[in-house]
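Undergrad: sequence first, predicted coordinates after that:
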Amino acid sequence: MQHPLPRCSAPKRRRGLDRFGWYEPRSEGAWTTTRQAEAWNVATRRRRSRQDGVLAGLNTLTQELEIVDAFAAYGSETSGINIVVIGDIGRGKSSWIKTVCVLRQLVANRQVVILDKKPQAGLGEYTPLAHTLGAQSIRFRVGGHGACLNLLDPAISARGDHRGGIDGVVPAGQEALVIAVLTDAMARELDEKEKAAVGAALSAVTTQARQAGRDPVIRDLALRLLDPNPEDGNGFGPRWSERALEWGLEPGLALLRLAERDLRGLVDAPTSPAVRTALESHPLVHFDLSALPTEGPALRVVMTTANTWLANKLAARSSHYQQTILVVEEGWHVAAGSTGEVFRGNVKLSRGLGLSTIAAFHHPADQPSDSPARALMSEASIVVLFGQSRADDATETVRLYRLPAGTEDTLVRLGRGQCLVKIGTRDPFLLTHIRSPQEMLLTDTDAAITGRHTPDHATTAAEEAAS
């Protein structure tokens, strides 16, 4: 029988050690050093090695600087250069676009063109920014009191092809643009006879205007369709030459109505000198469309015409390899109807033109699945997602971009200035937008609500009221 080992008596507690908690666990943690704490970091994340591109903010999780630049990411991370920004009003979309897609792009020696629809204190939202940078705000108004961009401007070729351009890069031309405008205005598709009549009349008025030393306008085209010359039908053969003179009646009436009412002073006269030389006069081109009505064809037609004009100008100088950014904050205006299809067709040529389109949308769930707006959103290579307050918008966004399950909750909980960014095949990451004090001043979008405005904005408003 084995005897149990003798048990040692408990150590005597000393009063001094007991007072300092020697015998019981401490309620607070013990101090350590960074060298000792390295053992807790079981996996060290490798920093990204790419240095080129425009900074967009801090990675919310790793606190590293993140680059969101369509041109820098092309080839290595993406196959396209278009960006879509989605989120509710007041979540920081406009500030992010102004900072990352406008101000910092100018520093990178790129040209920026803005289609500014959002009003602020009676002017376009980007007006103070443009004036601070020394760029002219080109303001469009219905009725002939503002700038004009001729629908038949010579810079827009008849069929989109340009001498000296890159083969295969053919943006929409005058004929496609006119037919798209007519399709929306007449609320139906043009039949083949009407399209043939429009094409023949367009060729005739262009030749006649060129011989007279001036630019053709849509009123010339409308009157030629309504009152054609007898020889205008000769191109259709002896059998149809007389009947062909009647094919342009309805398109002619629609064009005449647009020239005299809906589009008067916008696209029905020779292009304004400020518009004609905009790309050569300053790296920032600001088209102020805030005075155009949301209802009706005016806003959509002007936006699509500006996009087509820009695409044709870039196609003509494509050998210069100038990187250009087009900012369209109210994306759904250009994504509806036949003019929206023309806009989308021009966007597809972005790589050949060196034109990166940044389009912003509010509620993706409100866009039909077969709409050009949905196609424009789905074809973007970089997606920047700000907070969504509606569950259906968050769900549709996750489905549209095939985001991981549970991302809906993340989108709903994002704060102001926070976004989820997806660049090509990279995993999505959370981004916190960081701005300098000067950038905060230039990108303020709450002047009308807070009652505070920059001195430059006050000067601009006074000049506008006096004009």
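TA: Cool, the structure landed.
Undergrad: run a quick neighbour tally on Leu349.
TA: Residues within reach of Leu349, counting by other C-beta atoms under 10 Å, total 21. (Each C-beta comes from the backbone N, C-alpha and C, glycine too.)
Undergrad: what backbone torsions are found at it?
TA: Dihedral pair for Leu349: phi -90, psi 20, per degrees, to the nearest 10.
Undergrad: let me know whether it touches Ala311 as I believe.
TA: Yes: if you go by C-beta atoms under 8 Å, Leu349 and Ala311 touch, sitting 6.6 Å apart.
Undergrad: shared neighbours, those two?
TA: Taking C-beta atoms under 8 Å, 6 or more residues apart in numbering as the contact rule, Leu349 and Ala311 both touch Pro171, Leu355.
Undergrad: for Leu151, give its distance to Ala180.
TA: Distance of Leu151 to Ala180, computed by C-beta to C-beta, to the nearest Å: 11 Å.
Undergrad: quick one: which of the two has more around it?
TA: Leu151 (29 against 25).
Undergrad: tell me who's in contact with Gly331.
TA: Val84, Ala359, Ala360, Phe361, Ala373, Leu376, Met377.
Undergrad: what do you get for Gly213?
TA: Per C-beta under 8 Å, 6+ apart, neighbours of Gly213: none.
Undergrad: spell out the secondary structure type for it.
TA: coil (DSSP: H, G, I helix; E, B strand; the rest coil).
Undergrad: what's the distance between it and Pro270?
TA: Counting by C-beta to C-beta, the gap from Gly213 to Pro270 is 12 Å.
Undergrad: what's the burial count for His145?
TA: 11.
Undergrad: also the one 5 residues further on?
TA: Asn150 sits with 24 neighbouring residues when counted by other C-beta under 10 Å.
Undergrad: begin at 539 from here
TA: Shifting the count to begin at 539 puts that one at Asn688.
Undergrad: pretty sure it contacts Val755?
TA: Yes: counting by C-beta under 8 Å, Asn688 does reach Val755; the two are 6.2 Å apart.
Undergrad: and stretch 693-711, end to end?
TA: 9 Å (C-alpha to C-alpha, to the nearest Å).
Undergrad: pLDDT weak spots in the protein?
TA: Low-confidence segments of the chain (pLDDT under 70): 539-546, 548, 562-568, 576-588, 696-708, 856-858, 873, 983-1005.
Undergrad: okay, and Cys865 sits in which element?
TA: Not quite, residue 865 is Val, not Cys. Val865 is part of strand 862-866 when elements are defined by DSSP states H and E.
Undergrad: next one: Thr846
TA: Here Thr846, judged by DSSP H and E, is contained in helix 836-854.
Undergrad: could you do Ile896 as well?
TA: Going by DSSP H and E, Ile896 is in strand 893-899.
Undergrad: mind listing what's buried in the helix or strand just after that strand?
TA: On the C-terminal side of strand 893-899, the closest following helix or strand by DSSP H and E is helix 910-916. Judged by neighbour count (16 or more other C-beta atoms under 10 Å), helix 910-916 contains these buried residues: Pro910, Ala911, Arg912, Ala913, Leu914, Met915.
Undergrad: what domains does the record give for the protein?
TA: 593-673+809-982, 728-793 (the TED database).
Undergrad: returning to that earlier point: the strand holding Ile896 to helix 836-854, inter-axis angle?
TA: Between strand 893-899 and helix 836-854, the angle comes out at 160 degrees (axes from the mean of the first three to the mean of the last three C-alpha atoms, to 10 degrees).
Undergrad: got the angle for the helix holding Thr846 vs strand 862-866?
TA: 170 degrees.
Undergrad: how far is helix 836-854 from where the chain is centred?
TA: In terms of C-alpha atoms, centre = their mean, to the nearest Å, the centre of helix 836-854 is set 13 Å apart from its chain centre.
Undergrad: and if you look at stretch 657-669?
TA: 17 Å.
Undergrad: that stretch: end-to-end distance?
TA: Termini of stretch 657-669 sit 16 Å apart (C-alpha to C-alpha).
Undergrad: just the strands from the stretch 639-788 of the chain, written as ranges.
TA: 649-654, 657-658, 661-662, 675-677 (DSSP state E, counting those that start in this stretch).
Undergrad: check which helices and strands the first one is in contact with.
TA: By that I understand strand 649-654. helix 816-819, strand 822-826, helix 836-854, strand 862-866 (3 or more C-beta pairs under 8 Å, 6 or more residues apart in numbering; DSSP states H and E).
Undergrad: got the angle for it vs helix 836-854?
TA: Using the same axes, to 10 degrees: strand 649-654 against helix 836-854 is 170 degrees.
Undergrad: could you give the number of residues near the residue lying closest to Ala782 once chain neighbours are set aside?
TA: Of all residues not flanking Ala782 in the chain, Gly771 sits nearest, at 3.8 Å (C-beta to C-beta, 6 or more residues apart in numbering). Neighbouring residues of Gly771 were enumerated by other C-beta under 10 Å; the total is 20.
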